[in-house]
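# coordinates only, sequence not included:
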């Protein structure tokens, strides 16, 4: 799993090909619950399978970010992975974007709209 700062307020998390039992996102969820919380984009471009533990960890991350007033965007999902989220009824819980650029734009446009 790779974590990098896209901006001072946005982290990009790139999940590995086969995320391990949700532990890949535990650090990010702890960070979201801290005073250093920021918006997070999770990149699925390498992901081939999504264990249920990863989905649970994403739900915890979404909740922690929302409580801290921040946002989570999932991007670069294959049609198969996106279909999993739809089939289990989670498509309405998460925000999705085509790629990292679109995810960053969606964060920027929402922040701008909130300021007006």
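On my side now, so go ahead. Every value quoted in this text rests on a predicted model; they were computed, and no experiment measured them. Numbers count the residues shown, from 1 in each chain.

# for the helix or strand encompassing residue 62, packing partners?
Using DSSP states H and E, residue 62 sits within helix 52-67. Packing contacts for helix 52-67, counted by 3 or more CB pairs under 8 Å, 6 or more residues apart in numbering; DSSP states H and E, involve helix 23-33, strand 39-43, strand 72-75. Every C-beta, even on glycine, is put in place using the N, C-alpha and C of the backbone.

# Export these as TSV, with columns for mean neighbour count.
Shown next, in TSV, are the helices and strands packed on helix 52-67 (neighbours: other CB atoms under 10 Å):
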stretch	mean neighbour count
helix 23-33	18
strand 39-43	25
strand 72-75	23
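
# would JSON lines of those with distance to residue 86 and mean pLDDT be doable?
Converted to JSON lines, those look like this (distance: least, CB to CB, whole Å; pLDDT from 0 to 100):
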{"stretch": "helix 23-33", "distance to residue 86": "21", "mean pLDDT": "71"}
{"stretch": "strand 39-43", "distance to residue 86": "17", "mean pLDDT": "95"}
{"stretch": "strand 72-75", "distance to residue 86": "12", "mean pLDDT": "96"}
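
# I'd like the ones you listed as CSV, with distance to residue 52 appended.
Below are these laid out as CSV (distance: least, CB to CB, whole Å):
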stretch, distance to residue 52
helix 23-33, 13
strand 39-43, 16
strand 72-75, 16
